[in-house]
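Asks: I'd like to go over a predicted model; first the sequence, then the structure.
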Amino acid sequence: MTIEQLYTSCLAEAAYYVESQGEAVIIDPLRDVDQYLELAEKRGARIKYIFETHFHADFVSGHLDLARKSGATIVYGPNAHPDFDFYPAKDEEELELGSYSFRVLHTPGHTMESTTYLLLDENGSKKAIFTGDTLFIGDVGRPDLAVKTDLTEEDLAGHLYDSLRQKIMTLPDEVIVYPGHGEGSACGKNMSSERFDTLGNQKKTNYALRPSLSKEDFIKAVTSGLSAPPQYFPENVKLNKRGYDPLDEIKSRGGKPLTVEEFEEIRQHSNTLVLDTRFKDDFAREHIPGSVFIGIDGNFAPWVGTLINNINTPILIVCDEGRIEEVLTRLSRVGYDNTMGYLKGGLKAWQEAGKETASIEEVEASDVAENFADWKDKIIDLRKPGEYAVGHIEQAINKPLDDIYNLMPDFDVNNTYYVHCKSGYRSLVAGSILQKNGRKKIINVKGGIEALKETTIPIVVTEETHPLT
């Protein structure tokens, strides 16, 4: 028996490869499926099943491409009704994999089709559960993403409480919990950095599994403090239910090299976005006017999904040499398939053609400290509220990047602002968006709060606790 967790840090997402006697199952695959095919081929195994724990909102699953390329059967649990061929597994049904088997456990709550897969060995002993977004390490799935007119988030939280106590907490303590996400995912709010654990330890440490926790208190805990989900989530659910173009076609269309003249012609279309994915220092130094920076070396895909409001927006790419396939792959993971091509020769070609460029001014943390008396009412902290509460510059105003478009009126076009985040990535993203929207006096603080903490600037801590601590 082989269990391999295939973790993608950018999305904080865990897919799984499970194999027994030459038969394999892939659980919650990403859209770029060659990694699973290559793993199975290397091990001489046949992919028999593709298990989906639910209709994912935070990424586009690879179930369709993987089924086309491997011949495997797509499996969903009860209440799932996708627009393609699949096997509808029943609650408590067992599916064989070599000498092992999986028991289907319907665990509604995060969504109504949410399903946990319980791995049984050849003797029927319970070995592991693959929980998707039902149970995380240190947390549970948020219950507000599948709200419908006849189903509130409180209703879903109630279903989740019952699923945890009736289907999961009754399992032996030694069962290993393999969740669908880890720390940093927007599908929960209190996830651990640990990527798997025993169920027994989770019963002791996970607030949502406290034996004494009443249903009323559970509902209150899991529905409080929820930030608005990223705007692309509903669109990804639709793609996962209805289907999408093969990734190979997306790469072929989007990977077209464009001359400066071709790039400029497409750029003139009013709804076309120029997305610059280069290293942040390179973008700050010089870039195409009006382009938006979301660097490929950061949490690229989630920020694309959060900040590019229309999933069908035509996109032109500026990237470093040799990285276009990576950019297209990571865009596709969140459903942004409408890339028109990339600038051949990169920014150097643009410069050599004599085209106009722009820049974003940057200052060191030591400069902020030296001028703090004059600048303190102009300092903007772009981190999340929870990060801000843990420690922020005295008098710094919190305006999270996630909400930058709604906060745009707060930035006067005539004023100068010193923006920072944790390390300088998000603040440069924000700077590019603000600059594109007419706010020209945006100055990025290099190194973010981490660098600022090393200066004499006063840091304020706001106490913030979990609802059940």
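Replies: Cool, got the structure.
Asks: what about Ile379, how many neighbours?
Replies: 21 (other CB atoms under 10 Å). For every residue, glycine as well, the C-beta is placed using N, CA and C.
Asks: ok, it - contacts?
Replies: Ile379 is in contact with Val368, Ile393, Gln395, Ala396, Ile397, Tyr417, Tyr418, His420, Val445, counting by CB atoms under 8 Å, 6 or more residues apart in numbering.
Asks: so which of those is the most crowded?
Replies: When neighbours are counted by other CB under 10 Å, His420 leads the contacts of Ile379 with 31 neighbours.
Asks: picking up where we left off before, can you add secondary structure and distance to Leu64 and give the contacts of Ile379 back as TSV?
Replies: Formatted as TSV, those follow (DSSP: H, G, I helix; E, B strand; the rest coil; distance: CB to CB, whole Å):
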residue	secondary structure	distance to Leu64
Val368	helix	49
Ile393	strand	48
Gln395	coil	51
Ala396	coil	46
Ile397	strand	45
Tyr417	strand	45
Tyr418	strand	47
His420	strand	42
Val445	strand	44
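Asks: which one among those gets closest to Glu362?
Replies: Val445 (7.5 Å; CB to CB).
Asks: ok, the closest one touching Lys422?
Replies: No: checked against CB atoms under 8 Å, the pair Val445 and Lys422 is beyond contact range at 11.0 Å.
Asks: May I ask which helix or strand encompasses Tyr49?
Replies: Element membership for Tyr49 (DSSP states H and E) is strand 46-51.
Asks: My guess is Gly158 contacts Lys215. True?
Replies: Yes: applying CB under 8 Å as the test, Gly158 and Lys215 come out as touching, 6.4 Å apart.
Asks: Compare these two and say which is more crowded by neighbours.
Replies: Remark: of Gly158 and Lys215, Gly158 carries more neighbours, 19 against 12, as counted by other CB under 10 Å.
Asks: Is that one in a helix, a strand, or coil?
Replies: Per DSSP: H, G, I helix; E, B strand; the rest coil, the secondary structure class of Gly158 is helix.
Asks: Please dump the contacts of Ile379 into CSV; it should also carry distance to Pro211 for every row.
Replies: Shown next, in CSV, are the contacts of Ile379 (distance: CB to CB, whole Å):
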residue, distance to Pro211
Val368, 49
Ile393, 42
Gln395, 45
Ala396, 42
Ile397, 43
Tyr417, 50
Tyr418, 49
His420, 43
Val445, 47
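Asks: from the residues you listed, which is closest to Ile3?
Replies: Nearest member of these to Ile3, counting by CB to CB, is His420, at 41.5 Å.
Asks: Okay, and the beta partners of the closest one?
Replies: Beta-bridge pairing for His420 (DSSP bridges): Asp381.
Asks: Any regions of this protein where pLDDT drops low?
Replies: Across the chain, residues meeting the criterion (pLDDT under 70) sit at 149, 463-469.
Asks: Kindly report the domain assignment for it.
Replies: 2-233, 245-352, 362-460 (automatic domain parsing).
Asks: Point to the residue nearest the middle of this protein.
Replies: The residue lying closest to the centre of the chain (CA atoms, centre = their mean) is Leu11, at 3.6 Å.
Asks: Which helix or strand contains that one?
Replies: Per DSSP H and E, there is no helix or strand for Leu11.
Asks: hang on, it packs against Ser185?
Replies: Yes: with contact defined as CB under 8 Å, Leu11 reaches Ser185; the gap is 7.2 Å.
Asks: quick one: Asp58 and Tyr244, what's the gap?
Replies: 15 Å (CB to CB, to the nearest Å).
Asks: before we move on, what about Ile443?
Replies: Computed as CB to CB, the Ile443 to Tyr244 distance reads 41 Å.
Asks: before we move on, back to that, now, among the contacts of Ile379, which is nearest to Ile250?
Replies: Using CB to CB, the contacts of Ile379 come closest to Ile250 at His420, 35.3 Å.
Asks: distance of that closest one from Glu286?
Replies: To Glu286, His420 is 21 Å away according to CB to CB.
Asks: quick one on the thing from earlier: who touches the strand holding Tyr49?
Replies: Under CB under 8 Å, 6+ apart, the answer for strand 46-51 is 22-29, 36-37, 40, 63, 66-67, 70-75, 95, 97, 102, 117, 130.
Asks: switch to 7 Å and redo it
Replies: Residues outside strand 46-51 that contact it (CB atoms under 7 Å, 6 or more residues apart in numbering): 22-27, 29, 36, 40, 63, 66-67, 70, 72-75, 95, 97, 117.
Asks: tell me which residues in it are buried?
Replies: By neighbour count with 16 or more other CB atoms under 10 Å, strand 46-51 contains the buried residues Ile47, Lys48, Tyr49, Ile50, Phe51.
Asks: burial count for Arg165?
Replies: Using other CB under 10 Å, Arg165 is surrounded by 15 other residues.
Asks: and Lys376, how many neighbours does it have?
Replies: By the measure other CB under 10 Å, the count of residues near Lys376 is 16.
Asks: Surely it touches Tyr418?
Replies: No: contact criterion CB atoms under 7 Å: Lys376 and Tyr418 do not qualify, at 9.3 Å.
Asks: residues contacting the nearest residue to Thr329 once chain neighbours are set aside?
Replies: Nearest residue to Thr329, sequence neighbours excluded (CB to CB, 6 or more residues apart in numbering): Asp32, at 5.0 Å. Asp32 makes contact with Gly62, Leu247, Thr329 under the criterion CB under 7 Å, 6+ apart.
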